[in-house]
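In: After the sequence you'll find the predicted model.
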Amino acid sequence: MAQPGFQPVARPELHDYDDEEDDDDDGKATYSQFACIGVGFSGIALGATLKRWHGIQDVRFFERRPDIGGTWSVNRYPGCAVDVPGVLYSFSFAPKFDWTGILPAAEEILGYLRRVADQYGVTARTSFNAHVIACHWRSRSRRWRLVVRYPDEGGRIVRHDCRFLFGATGVLVDPQVPGLVGLDSFRGRCFHTSSWPADLVLSDKRVIVVGNGCTAAQVIPAIVGQCRHLSQFIRSRQWFFQSPPKLTIPRSVHWLLAYVPGLQSLLRLFVFIVLEQSSRGYAMTVAGQRRRSYEASAAVSLARATAPTRFHALLKPDYAPGCKRRILGSDYVRSLNAPNITVTEEPIVEVLPDGVRSRDGAFTPADVIILANGFLTGRFLNGIDVKGSDGRTLDQHWKQFGGPEAYNCCALSHFPNMFMLLGPNTITGHTSAVMSIENSINYALRVIRPILDRPDAFVEVKPEAEARYSREMQRALGKTVFTSGCITWYNQEGPDGRMWNSMSYPRSQADFWYRCLFPVRRDWTYVGAPHTTSRSKPVLLAVVVAVFGALGLLWTNRSP
């Protein structure tokens, strides 16, 4: 029988969208100056920043789910939490320092996002259960035309126009469902962790967990004590690092952070600097190798001190730390001491009605199969028919490069007035994604500032600038541990068969912050606006120089 739990969110078909029909439908389209697809961290930050910087509230948000929050609304599995200290996992304009723990849980993060969205009026301007199926640039009106379908309303179609389009759909969105033979025949419950059933009871159940990444490292310690037996099937080994202690932060600490001037900012800066040091391990340099050796030694020590001897080999991969996403997994390593857990590298070759058969011929009985094998990556604005001014889709545009890319991680030539948040090559792997989101938003708003008050104007990055940036990005990634040979969701096969990294940023977040401060105006074409030049305020430039003078050794990729 088919298992509804592991089905990804349905994507609407595009066959009934007609460009020619749209040309005669201008009077029926709604309008807003800005439109944003997705209301997770990125969408909420955009709405808040537009209001803070420019007082703009003429924004329409489209969210395909019934609630805001993005990944934190979807993922409700036991143990779900962020793997970055909470002090950095909040907006700079709405800092939260009263997290109950060092690594906040999903429920607490979602509550925070709801409060910020309400505070800045984002929730009130959001259309929920709204599936954006097409975004086409209309040269005649110099606007974007969005086609939105509401499946819960009988498939009702709405057309919406906007001047500025932001894609905030996230990078870990669509569940990756393994192509297991016989999965439909399984008589028990089978689901992806992003579709965790609220009524699930695991007591006295034989459970199989497929996967060995960040999600599995969180969910297994949370449920192994409930199961009769838990069997984990892993594709490849991982490095597991020490997690921060699980302690409740005292209210006295919250009081100090709330009332001692400057303490919040100092704590945030301190955590940022500590995390930035780990980015040195990404470079294929002498200093980078030294950092990776230190991390490997720490992970091996954790395994030997915590896990049973029979698991030590499984906890020591044959690739360098950092090639895959780092996992704070001391709880997982400790859970391997449970008497009812087994771990195997033998792949599943067949799912049977009451269990699975692995390649070695062994049968593992199961009542529940949990798919903790991650999400489809390297896909941006996935399932949406986006066409630029030259009539080409995103996939057609990216084919010429070898894979998804974007100038400064957010902009594409021939896609005017459009920006992606958490776009290609934004992920750092060592620090808060919230910082990347804010940097991209601030950059985009700096780019469009000269044309905000000119209704017919638009801006787009020059093709040669985009091509140059793309080459530089892939060249820099080739000198990092991300391309050192492991199987990782950072890399995908491009249309020409070559491996292409569209996920990782090859440098530090300090570097990305700096690049987002000063748009290079000569790389942009402004139509309908006076000539713009790149000018930096002397005071701001002096501050940047001072900061980089203090932090330079922490984020440089050169060996000392």
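Out: Right, received. Where do you want to start?
In: what's the spacing between S194 and R125?
Out: 26 Å (CB to CB, to the nearest Å). Every residue, glycine included, has its C-beta placed from N, CA and C.
In: who's more crowded, the two?
Out: Comparing S194 with R125 by neighbour count (other CB atoms under 10 Å), the higher total belongs to S194, at 25 against 18.
In: So the more buried one is in contact with W72, correct?
Out: No - between S194 and W72 there is no contact under CB atoms under 8 Å: 11.1 Å.
In: Overlap in contacts, these two.
Out: Shared contacts of S194 and W72, defined by CB atoms under 8 Å, 6 or more residues apart in numbering, are absent.
In: and Y469, what element?
Out: Using DSSP states H and E, Y469 sits within helix 463-477.
In: who's in contact with F128?
Out: F128 neighbours (CB under 8 Å, 6+ apart): 63, 65-67.
In: make it 6 Å
Out: By CB atoms under 6 Å, 6 or more residues apart in numbering, the contact set of F128 is 63, 66.
In: Also G47?
Out: 59, 120, 122 are the contacts of G47 under CB under 6 Å, 6+ apart.
In: go with 8 Å
Out: Taking CB under 8 Å, 6+ apart, we find G47 in contact with 36, 59, 61, 117, 120-122, 125.
In: Is my assumption valid that it occupies a position in a strand?
Out: No - in this structure, G47 is helix, not part of a strand, as judged by DSSP: H, G, I helix; E, B strand; the rest coil.
In: Just the endpoints, please. Distance across stretch 363-375?
Out: 27 Å (CA to CA, to the nearest Å).
In: Contacts for that stretch next, please.
Out: 6, 171-178, 186, 188-194, 200, 202, 205-211, 213, 215-216, 219, 231, 235, 351-352, 354-358, 489.
In: for that stretch, which positions count as buried?
Out: Neighbour counts over stretch 363-375 (16 or more other CB atoms under 10 Å) mark 364, 366-375 as buried.
In: export these to a markdown table and tack on distance to S432 and pLDDT?
Out: Output for the buried residues of stretch 363-375, formatted as a markdown table (distance: CB to CB, whole Å; pLDDT from 0 to 100):
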| residue | distance to S432 | pLDDT |
| --- | --- | --- |
| T364 | 38 | 98 |
| A366 | 37 | 99 |
| D367 | 38 | 99 |
| V368 | 33 | 99 |
| I369 | 33 | 98 |
| I370 | 28 | 98 |
| L371 | 27 | 98 |
| A372 | 23 | 97 |
| N373 | 25 | 93 |
| G374 | 20 | 91 |
| F375 | 19 | 92 |
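In: sorry, back to before: filter the contacts of G47 down to the buried ones.
Out: Buried among the contacts of G47 by 16+ other CB under 10 Å: 36, 59, 61, 117, 120, 122, 125.
In: Next up, the contacts around the second one.
Out: Residues in contact with V59, defined by CB under 8 Å, 6+ apart, are 32-36, 46-47, 50, 125.
In: switch the cut-off to 6 Å
Out: Contacts for V59 were tallied using CB under 6 Å, 6+ apart; they are 32, 34, 47, 125.
In: now swap in L477 and tell me
Out: By CB under 6 Å, 6+ apart, the contact set of L477 is 483, 501, 506.
In: what do you get for N212?
Out: Each residue near N212 by CB under 6 Å, 6+ apart is listed here: 234, 238.
In: a helix runs through it, doesn't it?
Out: No - N212: not assigned to a helix; according to three-state DSSP it is coil.
In: what bits of the stretch 401-550 of the chain have low per-residue confidence?
Out: Across the stretch 401-550 of the chain, the ranges flagged by pLDDT under 70 are 495-496, 531-550.
In: where along it do the strands fall?
Out: 418-420, 458-461, 491-493, 499-501, 524-527 (DSSP state E, counting those that start in this stretch).
In: Between those, which one is closest to M473.
Out: strand 499-501 (8.5 Å; CB to CB).
In: ranking the strands of the stretch 401-550 of the chain by burial, who's on top?
Out: strand 418-420 (a mean of 26; mean count of other CB atoms under 10 Å).
In: distance of the closest residue to G213 other than its chain neighbours from P424?
Out: Of all residues not flanking G213 in the chain, G374 sits nearest, at 5.6 Å (CB to CB, 6 or more residues apart in numbering). From G374 across to P424, the span is 18 Å (CB to CB).
In: same check, this time on Y259
Out: 42 Å.
In: Please identify which of the two sits among more neighbours.
Out: Remark: of Y259 and P424, P424 carries more neighbours, 27 against 8, as counted by other CB under 10 Å.
In: returning to that earlier point: distance from the helix holding Y469 to the middle of the chain?
Out: With CA atoms, centre = their mean, to the nearest Å as the basis, helix 463-477 stands 21 Å off its chain's centre.
In: What residues sit buried inside it?
Out: Under the neighbour-count criterion of 16+ other CB under 10 Å, helix 463-477 has 465-466, 469-470, 473-474, 476-477 buried.
In: Stretch 87-104 now?
Out: Buried positions in stretch 87-104, judged by neighbour count with 16+ other CB under 10 Å: 87-91, 94, 96-97, 99, 101-104.
In: Same check on stretch 151-161?
Out: Buried residues in stretch 151-161, counted by 16+ other CB under 10 Å: 158-161.
In: now swap in stretch 30-38 and tell me
Out: Using 16+ other CB under 10 Å as the test for burial, stretch 30-38 gives 32-38.
In: Looking at those, spot the one nearest A320.
Out: G38 (33.6 Å).
In: if I look at that closest one, how far off is S279?
Out: 27 Å.
In: which residues sit against the helix of greatest length in the chain?
Out: Longest helix in the chain by number of residues (criterion: DSSP state H): helix 286-306. Residues external to helix 286-306 that are found in contact with it (CB under 6 Å, 6+ apart): 239-242, 280-281, 312, 315-316, 320-321, 333-334, 559-560.
In: Show me the shaky parts of the chain.
Out: Ranges of the chain meeting pLDDT under 70: 1-27, 495-496, 531-560.
In: circling back to that earlier point, can the strands of the stretch 401-550 of the chain go into CSV with extra columns for distance to A298?
Out: Output for the strands of the stretch 401-550 of the chain, formatted as CSV (distance: least, CB to CB, whole Å):
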stretch, distance to A298
strand 418-420, 36
strand 458-461, 42
strand 491-493, 25
strand 499-501, 26
strand 524-527, 45
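In: Go through those and name the closest to T393.
Out: strand 418-420 (12.9 Å).
In: quick one: V207 and A222, what's the gap?
Out: Shown here: V207 relative to A222, a distance of 12 Å by CB to CB.
In: With neighbour numbers in mind, choose between those two.
Out: V207 (24 against 16).
In: Tell me what the more buried one is bridged to.
Out: L230, V368 (DSSP bridges).
In: Run through the neighbouring helices and strands of the helix or strand harbouring S265.
Out: Using DSSP H and E, S265 sits within helix 263-277. With contacts defined as 3 or more CB pairs under 6 Å, 6 or more residues apart in numbering; DSSP states H and E, helix 263-277 has these neighbours: helix 538-555.
In: For the buried residues of stretch 363-375, give me a markdown table that also has distance to G329.
Out: Output for the buried residues of stretch 363-375, formatted as a markdown table (distance: CB to CB, whole Å):
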| residue | distance to G329 |
| --- | --- |
| T364 | 23 |
| A366 | 24 |
| D367 | 26 |
| V368 | 22 |
| I369 | 22 |
| I370 | 17 |
| L371 | 19 |
| A372 | 13 |
| N373 | 16 |
| G374 | 15 |
| F375 | 19 |
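In: Excluding chain neighbours, what is closest to the residue nearest in space to the middle of the chain?
Out: The residue lying closest to the centre of the chain (CA atoms, centre = their mean) is V171, at 4.0 Å. Nearest non-adjacent residue to V171, counting by CB to CB, 6+ apart: L422, 5.4 Å away.
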